[in-house]
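1. show me how the following folds:
(chains A and B)
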Amino acid sequence: MIRFTDVTKEYARTGVALTDVNLHVAKGEFLFLTGPSGSGKSTILKLIYMEELPTAGEVRVSGLSTTDLRRGDVAKLRRKLGIVFQDFRLLEDRTIERNIAFALEVTGAPRANIPTRVSRLLTQVGLASKATAYPRELSGGEQQRVAIARALVNEPYVLIADEPTGNLDDRATRGVFQLLREINASGTAVVMATHNLELIRRSDYRTVEINRGAIVFDSGENKTPAAEEMV
Amino acid sequence: MRSLSEALLAFRRAPLLSVLGIVTIAFSLFAVGLFGLVAVNIKDTIAGVEERVEIRAFLADGTSAEATGAAIGDIGSFPEVARVAYVSQDDALKRARTELGEFRDVFDAGFLPASIEVRLKPGFRSPERVKAVAARIATYQFIDDVRYGQEWVEKLARIRNIAGIAGIALGLAFAAVAVIIIATTIRMAVLARSREISIMRLVGATDGFIRRPFLIEGFVKGILGGGAALLLTWLASVLIDRYIVKAAFFSLEMAVAGVLAGAVIGLLGSGVSVGRHLRRI
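-> Okay, here's the model as predicted:
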């Protein structure tokens, strides 16, 4: 589903961010990316949703390769991915339901289906009663749930979460993490960058540690998924 | 449809920024409009003066009516000629007595020669053209003298050329300033929504999808700003006409072109700003 082959990423200003990274994420897998700040976790995520392109090597996501990108490919890819950030990235001037509906409208979904899908997602993330609230009226944990609902709106293959619990207290962190587990249990792969070692310890998911742009540890190294699992 | 509602929503969500944008466009185009008003009136004045360019061919004494009639018909068929008129000796005397009242008693019958007055069509009033037509008229044997105020025609042509060049240069400068101000205003509106644009991209919006509401917004702002500028310019022309000097206003085509120019600047400004922004994020 996601495959990094000899990926190097260099920025003109800050230099090398990743060196010869090889990584594979299978369909339905839950993967933690961990490592110190500036180690390259976010760069890996950006390469997955193709906000950045590798300087060398190849990133292949859901059949789309960075070596063969055409105009409009990235937009199409992102409709198959869900992306969640530490700072939620909600539109402050729209209600919760409008924030979620917005992601559906962008993909040209039929207008008639939008309210039902939004309502179903809000129920799934436990915020059905807050549909008409504005982001500023919600707690951090609730805002992150809205961001997750928005990420799920197009039924993605992969949910990419960049420090999704970084701004949350323990209780909200547990709630958001539980939600991500449920999403993963329903078949969506989750790639989550985090500093939170407690979360990693408490679960049995594959963990990849990055340091200075290189993979220094991969708990799933000996459990390479079978080829037929790949998409 | 969705792009249109998004564009209108943008006006509702940031009314102050939208109004500021429209006012900026309006005043930028108002400056261009005022300059245009001055240019139009100078052009009209010069055209009015140019209409008075005429060639006068004085007939020799004793020229027959047939010869005069034939010459008038002949000259009237020149492509440059708009109008030909015969001025008899009596008519010339009457005119001189009216125009130069203090010399009323000096003029006697037969003192002034008969003449043929020739007016030229617009576009044929340059010194070279006037000179050429005058030279052709002078070839008739019964024409004593041909006059057209050579020095005056040349001076007029010079004024027209200077006014034309200055008009184009100043007009372009005004238009360039307006375009820069409008583009900056629209860019600010786009930057104010950069977060929204980045989120749209993250959830899979195509560039076209992101761009469309901004283009509509820019177009609508341009139309509204252009319309307001037209209204301001019209008010200015009415006030100038009433209290300062008689002033003409733009023709309908020019007015429509002005508003459309606002719309096009708004559209292009938005397109360029969003395009740059999309490449950057």
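
2. what mean pLDDT does the lengthiest helix in chain A have?
-> Longest helix in chain A, counting residues (DSSP state H): helix A:170-185. For helix A:170-185, the mean pLDDT works out to 93.

3. the helix or strand that that helix is followed by packs against which elements?
-> Downstream of helix A:170-185, the first helix or strand assigned by DSSP states H and E is strand A:189-193. When contacts are defined as 3 or more C-beta pairs under 8 Å, 6 or more residues apart in numbering or on different chains; DSSP states H and E, strand A:189-193 packs onto strand A:30-34, helix A:41-48, strand A:158-162, helix A:170-185. In this view, the C-beta of every residue, glycine as well, is placed from N, C-alpha and C.

4. right, and these - which one's nearest residue B:272?
-> Closest to residue B:272 of the helices and strands packed on strand A:189-193, according to C-beta to C-beta: helix A:41-48, at 26.6 Å.

5. flag every buried residue along that closest one.
-> Within helix A:41-48, the residues that count as buried by 16 or more other C-beta atoms under 10 Å in any protein chain shown are A:41, A:42, A:43, A:44, A:45, A:46, A:47, A:48.

6. can you name the residues that contact whatever residue of the stretch 101-250 of chain B ends up closest to chain A?
-> Across the stretch 101-250 of chain B, no residue is closer to chain A than residue B:204, which sits at 3.7 Å (C-beta to the nearest C-beta). Taking C-beta atoms under 8 Å, 6 or more residues apart in numbering or on different chains, we find residue B:204 in contact with A:75, A:76, A:77, A:78, A:79, A:81, A:103, A:106, A:107, A:154.

7. give me the number of residues near the nearest residue to residue B:124 once chain neighbours are set aside?
-> Distances taken as C-beta to C-beta, 6 or more residues apart in numbering or on different chains put residue B:80 closest to residue B:124, at 3.9 Å, once the chain neighbours are dropped. Residues lying near residue B:80 (other C-beta atoms under 10 Å in any protein chain shown) number 17.

8. ok, residue B:262 touching residue B:223?
-> Yes: using C-beta atoms under 8 Å, residue B:262 is in contact with residue B:223, at 6.4 Å.

9. by contact count, what packs against the helix or strand that residue B:156 is a member of?
-> Following DSSP H and E, one finds residue B:156 within helix B:150-191. Applying 3+ C-beta pairs under 8 Å, 6+ apart, we find helix B:150-191 packed against helix B:15-50, helix B:127-137, helix B:207-243, helix B:252-280.

10. what is the orientation angle of it with helix B:15-50?
-> Angle, helix B:150-191 to helix B:15-50, by axes from the mean of the first three to the mean of the last three C-alpha atoms, to 10 degrees: 170 degrees.

11. average pLDDT across helix B:150-191?
-> Helix B:150-191 comes out at a mean pLDDT of 82.

12. any idea of the angle that helix forms with helix B:207-243?
-> Relative orientation of helix B:150-191 versus helix B:207-243 (the same axes, to 10 degrees): 140 degrees.

13. who does whichever helix or strand comes after helix B:150-191 touch, helix- and strand-wise?
-> Downstream of helix B:150-191, the first helix or strand assigned by DSSP H and E is helix B:194-202. Identification of packing neighbours for helix B:194-202 by 3+ C-beta pairs under 8 Å, 6+ apart yields helix A:73-78, helix A:96-106, helix B:207-243, helix B:252-280.

14. contacting residues around helix B:194-202?
-> A:49, A:75, A:78, A:83, A:89, A:91, A:102, A:106, B:190, B:209-210, B:274, B:277-278, B:281.

15. tell me the SS of residue A:215?
-> strand (DSSP: H, G, I helix; E, B strand; the rest coil).

16. the one 5 residues further on too?
-> Each residue gets one of three states, and residue A:220 gets coil by three-state DSSP.

17. still on that earlier bit, between residue B:262 and residue B:223, who's got more neighbours?
-> When neighbours are counted by other C-beta under 10 Å, residue B:262 and residue B:223 differ, and residue B:262 comes out ahead with 30 against 19.

18. same list, the contacts of residue B:204, but only the ones touching chain B.
-> A:75, A:76, A:77, A:78, A:79, A:81, A:103, A:106, A:107, A:154 (C-beta under 8 Å from any C-beta of the partner chain).

19. turn these into CSV, including distance to residue B:48, pLDDT and neighbour count.
-> Formatted as CSV, the ones next to chain B among the contacts of residue B:204 follow (distance: C-beta to C-beta, whole Å; pLDDT from 0 to 100; neighbours: other C-beta atoms under 10 Å in any protein chain shown):
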residue, distance to residue B:48, pLDDT, neighbour count
A:75, 60, 90, 21
A:76, 65, 90, 14
A:77, 67, 93, 18
A:78, 65, 92, 25
A:79, 66, 90, 20
A:81, 70, 93, 24
A:103, 65, 88, 27
A:106, 60, 82, 24
A:107, 63, 81, 17
A:154, 69, 87, 20
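
20. ok, back up a step: ok and the helix holding residue B:156 relative to helix B:252-280, angle-wise?
-> Using the same axes, to 10 degrees: helix B:150-191 against helix B:252-280 is 40 degrees.

21. show me how far helix B:150-191 is from its chain's centre.
-> 11 Å (C-alpha atoms, centre = their mean, to the nearest Å).

22. what's the answer for stretch B:146-153, then?
-> Using C-alpha atoms, centre = their mean, the offset of stretch B:146-153 from its chain centre is 27 Å.

23. what's next to that stretch, contact-wise?
-> Counting by C-beta under 8 Å, 6+ apart, B:53-58, B:125, B:127, B:130-131, B:134-135, B:137-138 sit against stretch B:146-153.
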